[in-house]
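Peer 1: Sequence first, predicted coordinates after that:
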There are 2 protein chains.
Amino acid sequence: MPANTDPRYDVIAIGNAVVDVIASCTEELIDELQLNRGGMTLIDEARADELYEAMPPARELSGGSAANTLAGLATLGLQCAFIGQVADDQLGKVFRHDMRATGIDFDTPARDGEPATGRVLIFVTPDGERTMNTFLGAGQFLPAAALDEELIASGAILYLEGYLWDPEEPRRAMRRAIEVAREAGRKIAFTASESFVIARHGDDFRAMIEEGVIDILFVNESELATLTGEDDFEAGLAAVAGKVPVLVATRSEKGAVAVAHGERAEVAAEPVAKVIDTTGAGDQFAAGFLSGYAKGEPLAQCLKRGAICASEVIAHYGPRPEADMQALMAERL
Amino acid sequence: MPANTDPRYDVIAIGNAVVDVIASCTEELIDELQLNRGGMTLIDEARADELYEAMPPARELSGGSAANTLAGLATLGLQCAFIGQVADDQLGKVFRHDMRATGIDFDTPARDGEPATGRVLIFVTPDGERTMNTFLGAGQFLPAAALDEELIASGAILYLEGYLWDPEEPRRAMRRAIEVAREAGRKIAFTASESFVIARHGDDFRAMIEEGVIDILFVNESELATLTGEDDFEAGLAAVAGKVPVLVATRSEKGAVAVAHGERAEVAAEPVAKVIDTTGAGDQFAAGFLSGYAKGEPLAQCLKRGAICASEVIAHYGPRPEADMQALMAERL
């Protein structure tokens, strides 16, 4: 593979291929089911069946953290391809359809037999906060062999989600993907995904940061604290900022901060008339930021793009943009 | 079965068990795919695959005309049960979950093997109008043997959708269900569903009306015209009003008219800030109307309930209520 040939894609992402099952619910139901309010919890199929049984009527929309970010990027006009594992079933077909219909190339073959395509049972409380319960299904078996190395080498940025570090096969696949991308001279963007992932795989993440493997790191406030062991936000920033070329830290309604090559920029959260469902907020912030970064825009403008994308997605159910995002950018940037 | 025992359910419905696949689209796509704008078209699996391929990213929500009406009724606090045919697959499980999670009893066994659970590909244009393309799937094989006759006899009202007249097995099942309900002294409510159904089965419907089999008839303006051959709305009303105890004719943004036992009432459409998706408007109007009718409320109030329910459902994607409908009724009635 010749290094540094012109990339065919702006962003290649590897992530969980899951369908979100989203229902509104009361605070009481969160307590009754003993859910991890506001967080993401991995569950097995038996627990998924139990929670689904107790769940109010729902809507199904394709999800997955990196897949959502990619959908945002494609909607903003970037060339994107996805690698992820669905099963050969109806939900797998729904996921593939939604990726391709967004203009994303997605050719990882479906996996035969059990388990089914992954799904995330999302309980949305009246304040718009989402509580996610993920049955990874086929996704936990994404093998390194399923990686299209030529494809990975052909993207300017390889985007990876921390969630994939948890199951063993995808973790191995991620390591191989990083090697391939770096050999081709590509950049690695990484989202830490969730504090519990960092609690389990923080040593691995910190080693990658120390080794300079990660070019662009996305974290939220609590992930930064778990990653650095610093409860103070500024101390957490300081602990990582010098070790990654671009660090982006989101803080929900308090906006976001980025530090890149010693330069710091901040953005306030965009106003939202009513928060309906926060699912996808971080994913779409990353999409907005990367869409600017890929074009070499100033850091503050990349952040502003992120804030605009996040504000769009939390104003409706579902983790991917519904508005004409290019028009929205033109209007609000 | 002793006639006129106290009914256990307020409403039993028999209808298509389908999942709606809803996408926003441009007017150009409707033309390009040669869709029947604003209508419902039955399609085979090959056409369903072709249209899905061309469809923008979508959301999945449980649908089906009578099933939607029942969901509205259950949300309003009525005791309901459903009979319909899903396949033993993921979409079938989604449909069953959503019915039961709404508080509706639904115990018709899933059908093994092909075809899959039915789905409706719904293209929503910027004006909120929905264009439906239905692959009936397992639904076209609802056999008379699947009817739980004891259940049917236990509902005060049996609600049937005209859509079920099109495939042969369900049509036979409907006739048997009507016999069972009438023997038990129950009322029959019928929605004509779509002009093309009336064009194909109008003789059957007219015979049922003449025989006095239908107690409550729901039509929209164009269905009334197809049913009666009268282009003039008032002439159409006059042609049917004397033959059914309760006639309800909806007219979209022009409101609705009901004629019952010689009394006439009208209602204006409720104001809606923005029409997002008209899917389910007629179904929820019927739910609102029946919820009042079941309690013996005045005709004008039944209509008002219908208008409130229709206005709620067209303000969001999906064919079933999302608001707290009992609170909304208390506030707006």
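Peer 2: Received the coordinates, thanks. Numbering: from 1, shown residues only, chains lettered A, B, ... in the order given.
Peer 1: give me every residue that touches the nearest residue to residue A:317 once chain neighbours are set aside.
Peer 2: Excluding the flanking residues, the one nearest residue A:317 by C-beta to C-beta, 6 or more residues apart in numbering or on different chains is residue A:277, at 4.7 Å. To be clear about C-beta, it is placed using only N, CA and C from the backbone, and glycine gets the same treatment. Applying C-beta atoms under 8 Å, 6 or more residues apart in numbering or on different chains, we find residue A:277 in contact with A:22, A:122, A:124, A:128, A:130, A:314, A:316, A:317, A:318.
Peer 1: Of those, which is the most crowded?
Peer 2: Neighbour counts for the contacts of residue A:277 peak at residue A:122, which has 29 neighbours (criterion: other C-beta atoms under 10 Å in any protein chain shown).
Peer 1: What's opposite that residue in the beta bridge?
Peer 2: residue A:22, residue A:132 (DSSP bridges).
Peer 1: Roughly how far does it sit from residue A:280?
Peer 2: Using C-beta to C-beta, to the nearest Å, residue A:122 is found at 10 Å from residue A:280.
Peer 1: sorry, back to before: okay, and which of the contacts of residue A:277 map to strands?
Peer 2: Among those, the members falling in strands are A:22, A:122, A:124, A:130 (criterion: DSSP state E).
Peer 1: Now pLDDT too, for these, in a markdown table please.
Peer 2: Converted to a markdown table, those look like this (pLDDT from 0 to 100):
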| residue | pLDDT |
| --- | --- |
| A:22 | 98 |
| A:122 | 98 |
| A:124 | 98 |
| A:130 | 97 |
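Peer 1: Can you add distance to residue B:144 and give those residues back as a markdown table?
Peer 2: Output for the ones in strands among the contacts of residue A:277, formatted as a markdown table (distance: C-beta to C-beta, whole Å):
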| residue | distance to residue B:144 |
| --- | --- |
| A:22 | 37 |
| A:122 | 40 |
| A:124 | 41 |
| A:130 | 44 |
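Peer 1: Those residues: which two are farthest apart?
Peer 2: A:22 and A:130 (7.7 Å; C-beta to C-beta).
Peer 1: who touches both of those two?
Peer 2: A:122, A:124, A:277, A:279.
Peer 1: in terms of contact, does the second one touch residue A:24 like I think?
Peer 2: Just to be clear, that refers to residue A:124. Yes: distance between residue A:124 and residue A:24: 5.2 Å, which falls inside the contact criterion (C-beta atoms under 8 Å).
Peer 1: Low-confidence regions, the stretch 151-300 of chain A specifically.
Peer 2: By pLDDT under 70, the stretch 151-300 of chain A has no low-scoring segment.
Peer 1: before we move on, which element is whichever residue of it sits closest to chain B in?
Peer 2: Closest approach of the stretch 151-300 of chain A to chain B (C-beta to the nearest C-beta) occurs at residue A:276, with a separation of 9.9 Å. In this structure, residue A:276 sits in neither a helix nor a strand according to DSSP states H and E.
Peer 1: Then residue A:305?
Peer 2: In this assignment (DSSP H and E), residue A:305 forms part of helix A:299-313.
Peer 1: That helix packs against which elements?
Peer 2: In this structure, helix A:299-313 packs against strand A:246-250, strand A:256-260, strand A:263-267, helix A:281-293, helix A:325-332, with contacts taken as 3 or more C-beta pairs under 8 Å, 6 or more residues apart in numbering or on different chains; DSSP states H and E.
Peer 1: With distance to residue B:235 as extra columns, can I get those in JSON lines?
Peer 2: What follows is the helices and strands packed on helix A:299-313, written out as JSON lines (distance: least, C-beta to C-beta, whole Å):
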{"stretch": "strand A:246-250", "distance to residue B:235": "63"}
{"stretch": "strand A:256-260", "distance to residue B:235": "64"}
{"stretch": "strand A:263-267", "distance to residue B:235": "63"}
{"stretch": "helix A:281-293", "distance to residue B:235": "54"}
{"stretch": "helix A:325-332", "distance to residue B:235": "47"}
